[in-house]
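Chemist: here is my input; please provide its structure:
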Amino acid sequence: MAVTNPWLSGPAPKQKLDPERLGERILNLLSSQNMCVLATSGPDGPLATPVRYYHLDFALMFTASAVSPKMRNIAAEPRVSIGVFAPLVGQASSRGAQVFGRARVLAREDAEFAHYWPAFRWQSDHVERSLSLDDPPGGPLVVVEAERIVYTEHWLRREGFAPRQVWKRGAAEAGETVSAGHGG
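Modeler: Residues are numbered from 1 along each chain as shown. Next up is the predicted model:
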């Protein structure tokens, strides 16, 4: 029987990508998708919510009603996990990221709001809903700066790299290498 991707068989390589190259692959994934699953935890337990996101470098952001269950959970426990993944056709196409960080809820008057807001593409949502482009959303902006990302891409095996890589904030700037093992 012909094997489509023989490099997928056998033990996975363990070699780590350098932090800069890993960061580029993660940014490519974040830029090519727009939906994620936000995992929060609160008084009623865990909650996994599909969310449309935008990103600015390694920060993911979204808006939500201030009284939604996810916002109540974030108020109770700001540590969150976000799953971003590309469509799966087969093992060779497996590509995704688990993003770990703290959610910050920013109002328009917060100093950091102006840094993130230009990267938030609210206009397409307004057009789809027949809302005026002269009236941007007023709800809070939720920003999650990634502290750690567990990135999985099985195509890396073809190049001799471990399919699971761990990115940590500051590693690329410091020239550190990070674990290629299980992280999440």
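
Chemist: now the residue nearest to residue 57 when sequence neighbours are not counted. Its backbone dihedrals?
Modeler: The shortest distance from residue 57 to any non-neighbouring residue, by Cβ to Cβ, 6 or more residues apart in numbering, is to residue 27 (7.3 Å). In short, each C-beta sits where N, CA and C put it, glycine included. With angles defined as degrees, to the nearest 10, residue 27 shows backbone torsions of phi -60, psi -30.

Chemist: okay, now residue 27: neighbour count?
Modeler: Per other Cβ atoms under 10 Å, the neighbour tally for residue 27 reads 13.

Chemist: so it sits right up against residue 60, yeah?
Modeler: No - using Cβ atoms under 8 Å, residue 27 is not in contact with residue 60; the gap is 11.6 Å.

Chemist: please identify which helix or strand holds residue 131.
Modeler: Assigned by DSSP states H and E, residue 131 belongs to no helix or strand.

Chemist: mind listing what's buried along stretch 106-115?
Modeler: residue 106 (16 or more other Cβ atoms under 10 Å).

Chemist: put the alpha carbons of it into CSV.
Modeler: Taking C-alpha atoms only, stretch 106-115 is exported to CSV below (Å, rounded to 0.1, in the frame of the first residue of the first chain):
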residue,chain,number,x,y,z
LEU,A,106,-10.0,47.3,28.6
ALA,A,107,-12.5,50.1,28.3
ARG,A,108,-12.1,53.0,25.8
GLU,A,109,-10.7,55.2,28.6
ASP,A,110,-7.9,52.8,29.5
ALA,A,111,-4.5,53.9,28.3
GLU,A,112,-3.7,50.6,26.6
PHE,A,113,-7.0,50.5,24.7
ALA,A,114,-5.5,52.8,22.0
HIS,A,115,-2.6,50.4,21.4
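
Chemist: ok now that stretch, how far from the chain's centre?
Modeler: 21 Å (Cα atoms, centre = their mean, to the nearest Å).

Chemist: run through who's touching it.
Modeler: Stretch 106-115 has contacts (Cβ atoms under 8 Å, 6 or more residues apart in numbering) with 56, 104, 116, 138, 140-143.

Chemist: mind doing that once more with 10 Å?
Modeler: Stretch 106-115 is contacted by residues 56, 59, 61, 66, 104, 116-117, 120, 136-143 when judged by Cβ atoms under 10 Å, 6 or more residues apart in numbering.

Chemist: alright, I will stop here.
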